[in-house]
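Undergrad: Sequence below, structure please.
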Amino acid sequence: MNQIYKTGLSFLLIWATLLPGESRAQCACANGDPIDSVVHSVTLAGLADPNTVIPIPRFDPTAGILTCVRARATILTTLEMDLYNREPFLVPDYFMNYYRITSFNGPSGGGISASQTWNKDYGPYALEGNPGPSPDSVVHIGPEVVFNSISLVRTTTNVVPYQGVGTVNFTYINTGSATMLQGSNNYRLDVKALTDLTLRVSYFYCPLAVQPSGMKNFSVVRTDNRISLSWITENEKPGTRYTLEYSRDGRSFSALETRTAVQAGQARYQHQFNPDAAETGKMYFRVRQTDAQGKEYFTPIKVISYEDNGQIQQTIYPNPAKKFIRVQFQSPQTGTLEIDLVNTLGQVLEHQKQRVTRSVTTQVDFARSHGKGIYWLRVRNTDTGEQSVSRLTIE
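TA: Okay, here's the model as predicted:
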């Protein structure tokens, strides 16, 4: 059986708030706070490939605590077939069944999988003999609407595979097969099946409390197997507590250390964390600030990765900067790094190349002075194609 597919594919990625009609009952916040959401929507028009991988951005754990993930696939598939008799004589009773399956699956262990099947009997068809071929030796079937804008929906509370940095892959499958029930073994069947697919992935999360006031420059720097954490406070009030916390999944945090402010004014806090020498994967860090009234606030989450040449996901310090910056990578980088300083008009003001080996940090010295304002720092590993862009303030 030959499959003939239309070429061309359009791809649309949308980041939006959830529509009011989406139910959130399964994803409520434990403390009764209102749930929030981020939605990623991908539309594939005229999709012909029977097996398609669709990357979806992971949920950023700095935005809040992810409670559940919902995926909805809306599918429209049309089918056309041409059945040819390849016998040199008339076959009066071609009769066949066509079966098709459509499905989508999230990452392994992610709890999202859905599918639907369709089948139909065709015939009998009386087809003249071939050579020729004569018009009477072929029958055209369709267009047939197989999946008429069906909607497949799955929700999971196993959120670990869906959060962090980078993307998570969904796999979409839409394929079919034909069984000749009666007729001849000498035939040809050409199939053209086109699909319009919209995959909508909704992240439901409970927002974190307001970020701490008076805190700045929360920094997490890895040197070999040591992780140095620090932050600065301004206008500090006595009795304020700072709890340094870490997590293995970006969701469940444990305390490393608690400090209590004893005087007003400015203070600098530092902590050195020494993981196991055989550490792998990612570690997430944040600071919980608790004021004298018991109100809690959280810093953005910082991530350290032990995976070589994974996501760059850089952190810049100092920021604001003057003549130089240091760049912290989420995972160790090996290869040639292209580093660009870009202004808000998209113009590259400085371009540097550095060769690195398993580096988690690098220093960038500006070749000339730049005016005060907002810039972008772009870092790309040319060996892997990984790229990250961060905002930089120059003062």
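Undergrad: So what's the residue count around residue 235?
TA: Residue 235 has 9 neighbours, counted by other C-beta atoms under 10 Å. C-betas here are computed from N, CA, C, even on glycine.
Undergrad: secondary structure element for it?
TA: Residue 235 belongs to strand 226-236 when assigned by DSSP states H and E.
Undergrad: Which SSE is immediately downstream of that strand?
TA: Taking DSSP H and E, what comes next after strand 226-236 is strand 241-247.
Undergrad: Show me which positions of that next one end up buried.
TA: 242, 243, 244, 245, 246, 247 (16 or more other C-beta atoms under 10 Å).
Undergrad: following it, which helix or strand comes up?
TA: Once the chain leaves strand 241-247, the next helix or strand it forms, by DSSP H and E, is strand 253-260.
Undergrad: Name the nearest residue to residue 358, ignoring sequence neighbours.
TA: residue 332 (4.4 Å; C-beta to C-beta, 6 or more residues apart in numbering).
Undergrad: Need the three-state assignment for that neighbour.
TA: Under DSSP: H, G, I helix; E, B strand; the rest coil, residue 332 falls in the strand class.
Undergrad: Run a quick neighbour tally on it.
TA: 18.
Undergrad: Just confirm it contacts residue 381, I think it does.
TA: No. Using C-beta atoms under 8 Å, residue 332 is not in contact with residue 381, being 10.9 Å away.
Undergrad: And the buried residues of strand 241-247, which is closest to residue 203?
TA: residue 247 (17.6 Å; C-beta to C-beta).
Undergrad: Was I right to think the closest one contacts residue 284?
TA: Yes. With contact defined as C-beta under 8 Å, residue 247 reaches residue 284; the gap is 4.3 Å.
Undergrad: For the residue nearest to residue 358, give its distance to residue 181.
TA: 59 Å (C-beta to C-beta, to the nearest Å).
Undergrad: same thing with residue 297?
TA: From residue 297 to residue 181 the distance is 69 Å (C-beta to C-beta).
Undergrad: So which of those two has more stuff around it?
TA: Legend: neighbour count by other C-beta under 10 Å for residue 297 and residue 181, higher for residue 297 (18 against 14).
Undergrad: Show me what the host helix or strand of residue 45 is packed up against.
TA: According to DSSP H and E, residue 45 maps onto strand 36-47. For strand 36-47, the packing partners by 3 or more C-beta pairs under 8 Å, 6 or more residues apart in numbering; DSSP states H and E come out as strand 10-16, strand 51-57, strand 167-182, strand 187-207.
Undergrad: how far is the third one from where the chain is centred?
TA: Taking C-alpha atoms, centre = their mean, to the nearest Å, one finds strand 167-182 lying 24 Å from the centre of the chain it belongs to.
Undergrad: And for stretch 358-378?
TA: Counting by C-alpha atoms, centre = their mean, stretch 358-378 comes out at 27 Å from the chain centroid.
Undergrad: Contacts for that stretch next, please.
TA: Here stretch 358-378 makes contact (C-beta atoms under 8 Å, 6 or more residues apart in numbering) with 221-223, 308, 314, 316, 323-329, 331-334, 337-344, 349-350, 352, 354, 356, 387-395.
Undergrad: Which of these are buried, as a PyMOL select command?
TA: Entered in PyMOL, the line below selects the buried ones among these, by 16+ other C-beta under 10 Å:
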select buried, resi 221+222+314+316+325+326+327+328+329+331+332+333+337+339+340+341+342+350+354+356+388+390+392+394
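Undergrad: Just the contacts of stretch 358-378: which are in helices?
TA: Counting by DSSP state H, none of the members of the contacts of stretch 358-378 fall within helices.
Undergrad: so residue 136 sits in a helix?
TA: Yes. Assignment of residue 136 by three-state DSSP places it within a helix.
Undergrad: List the contacts of it.
TA: Residue 136 neighbours (C-beta under 8 Å, 6+ apart): 127, 128.
Undergrad: ok, now with 6 Å
TA: Residue 136 makes contact with residue 128 under the criterion C-beta atoms under 6 Å, 6 or more residues apart in numbering.
Undergrad: For it, give me the pLDDT.
TA: The per-residue pLDDT reported for residue 136 equals 76.
Undergrad: ditto for the one 4 residues further on
TA: The predicted structure scores residue 140 at 95 on the pLDDT scale.
Undergrad: element containing it, please.
TA: Here residue 140 is assigned to strand 138-156, by DSSP H and E.
Undergrad: Report the angle between that strand and strand 167-182.
TA: Strand 138-156 runs at 140 degrees relative to strand 167-182, counting by axes from the mean of the first three to the mean of the last three C-alpha atoms, to 10 degrees.
Undergrad: Give me the distance between strand 138-156 and the centre of its chain.
TA: On C-alpha atoms, centre = their mean, the centre of strand 138-156 falls 27 Å from that of its chain.
Undergrad: For residue 228, list the residues it contacts.
TA: 221, 272.
Undergrad: what pairs with residue 282 across the strands?
TA: Following DSSP bridges, residue 282 is listed with bridge partners residue 305.
Undergrad: Quick check: it touching residue 305?
TA: Yes. Look at residue 282 against residue 305 with C-beta atoms under 6 Å: they come within range, at 4.8 Å.
Undergrad: Show me how the protein divides into domains.
TA: 2-207, 208-306, 308-395 (automatic domain parsing).
Undergrad: Can you list the low-confidence ranges for the stretch 1-150 of the chain?
TA: Residues of the stretch 1-150 of the chain that meet the criterion pLDDT under 70 lie in 1-26, 29-34, 62, 131-135.
Undergrad: Now with 80, please.
TA: 1-36, 48, 60-65, 130-136 (pLDDT under 80).
Undergrad: do the stretch 201-350 of the chain as well
TA: 206-217, 221-225, 234-235, 249-251, 262, 264-265, 276-282, 300-314, 330-331, 344-346.
Undergrad: Spatially central, which residue of the chain would that be?
TA: residue 57 (2.0 Å; C-alpha atoms, centre = their mean).
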